[in-house]
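Colleague: Have a look; sequence and predicted model below, questions after that.
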Amino acid sequence: MNIQWFPGHMAKTRRILTENLKIVDVVIELLDARIPISSRNPEFDKILNNKPRIVALNKSDLADANVSTLWNSWYAKNDVASIFINSIKGTGFAQLKNELKNMMKDKIEREKKRGRITRPIRTMIVGIPNVGKSSFINKIAGKKSAQTGDKPGVTRGKQWIRLNREIDLLDTPGILWPKFEDLNTGLHLAYTGAIKDDVIDTIEVASKLMLKLRELYPQNLLGRYKLDTLEFENGIKILEAAGRKRGCLISGGEVDFNRIASIVLDEFRGAKIGRISLERPADLEFKEVESIE
């Protein structure tokens with residue numbers, strides 16, 4: 001299955017990032033807490049270079065709290081400033097603002113000693129489509145400053161937003177990358193909705209998600225779809241069994257795979273199957289070993 005999505009406006013966004021980086025003090029990199037590896041654009045490393053950065057893991061309320069604890073330890077071990085946030089409730093936002101000011105503390109002190117008027121900290125938010133940037137901006141600004149939607153790619157331009165007297169925020173559109181490193185990356189982005197459903201095979205994606213859930217959260221899968229067993233030969237068979245339990249049938253008693261696939265993806269994205277994390281720090285270490293080999 002080939003999953004690729006790189007609209008023309010994303011190439012433009014890459015240019016915008018490069019152009020504005022010189023006037024930005026700190027970059028906020030917004031990730032999906034459920035897939036910290038797959039939701040991280042590897043091109044950002046090249047674009048952002050050594051610019052100070054805070055990793056904000058959004059949708060933490062949808063992620064497995066135990067796995068998030070593992071990620072928190074991993075980031076701390078690797079000296080990465082990271083904060084788990086919830087853009088709907090505003091969880092973690094006070095901590096994020098404090099971290100921004102803490103990172104710029106020395107520079108602000110130097111400016112004061114030189115007698116210069118301290119300007120607001122300039123920060124830029126970057127992230128892939130549908131990671132929740134618009135909701136993040138609206139919440140942190142305390143007003144509806146950015147257009148929101150449940151489809152990826154809503155934000156198309158750039159805009160400066162005054163958060164308070166101390167912080168200015170530059171928003172940019174979401175950006176993916178021209179080629180995914182592996183199929184799992186594309187699948188994880190498809191599971192979470194970062195890639196539009198109309199450019200993927202939802203039945204195949206949902207069947208592969210069933211296999212992933214069987215591996216990581218079998219009890220959640222059994223309970224949500226009232227399955228008697230998970231001993232199926234492949235994901236499509238699990239999807240079929242779930243469809244029968246849900247009554248997703250067409251004439252002749254056959255399963256309506258399009259309908260049950262849509263249900264499974266929607267319920268995963270809404271955490272109705274449970275709080276689920278698809279990636280762990282050990283997965284990242286495994287990928288690094290693979291790349292070396």
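Modeller: Looks like it arrived, so ask away.

Colleague: for residue 47, helix, strand, or coil?
Modeller: What DSSP: H, G, I helix; E, B strand; the rest coil gives for residue 47 is helix.

Colleague: Now for it, how many residues are close by?
Modeller: 16 (other CB atoms under 10 Å). Heads up, the C-betas are built off the backbone N, CA and C, glycines and all.

Colleague: Could I get the pLDDT score of it?
Modeller: What the model reports as pLDDT for residue 47 is 81.

Colleague: what's the answer for residue 36, then?
Modeller: On the pLDDT scale, residue 36 gets 96.

Colleague: And residue 147, by the same measure?
Modeller: Reported pLDDT for residue 147: 42.

Colleague: cool, the one 10 residues further on as well?
Modeller: What the model reports as pLDDT for residue 157 is 52.

Colleague: Could you list every helix and strand in contact with the helix or strand hosting residue 66?
Modeller: Secondary structure from DSSP states H and E places residue 66 in helix 65-77. Contact analysis of helix 65-77 by 3 or more CB pairs under 8 Å, 6 or more residues apart in numbering; DSSP states H and E lists strand 53-58, strand 82-84, helix 281-292 as its packing neighbours.

Colleague: Hmm, residue 212 and residue 264 touching each other?
Modeller: No. Using CB atoms under 8 Å as the test, residue 264 is too far from residue 212 to be in contact (11.2 Å).

Colleague: out of these two, which sits in the busier spot?
Modeller: residue 264 (29 against 18).

Colleague: Name the helix or strand for that one, please.
Modeller: helix 257-269.

Colleague: What distance do you get for residue 88 to residue 200?
Modeller: Residue 88 sits 26 Å away from residue 200, going by CB to CB, to the nearest Å.

Colleague: Of these two, which one has the most company?
Modeller: residue 200 (20 against 14).

Colleague: Excluding chain neighbours, give the residue nearest to that one in space.
Modeller: residue 190 (5.1 Å; CB to CB, 6 or more residues apart in numbering).

Colleague: I'd assumed that neighbour was in a helix, is it?
Modeller: Yes. Applying three-state DSSP, one finds residue 190 inside a helix.

Colleague: what's the neighbour count on it?
Modeller: Around residue 190 there are 26 residues (other CB under 10 Å).

Colleague: cool, residue 15 as well?
Modeller: 10.

Colleague: OK, contacts around residue 109?
Modeller: Going by CB atoms under 8 Å, 6 or more residues apart in numbering, residue 109 touches no other residue.

Colleague: which intervals of the protein have sub-threshold pLDDT?
Modeller: Scanning the chain for pLDDT under 70 picks out the ranges 1-11, 13, 117, 143-158, 173-181, 286-293.
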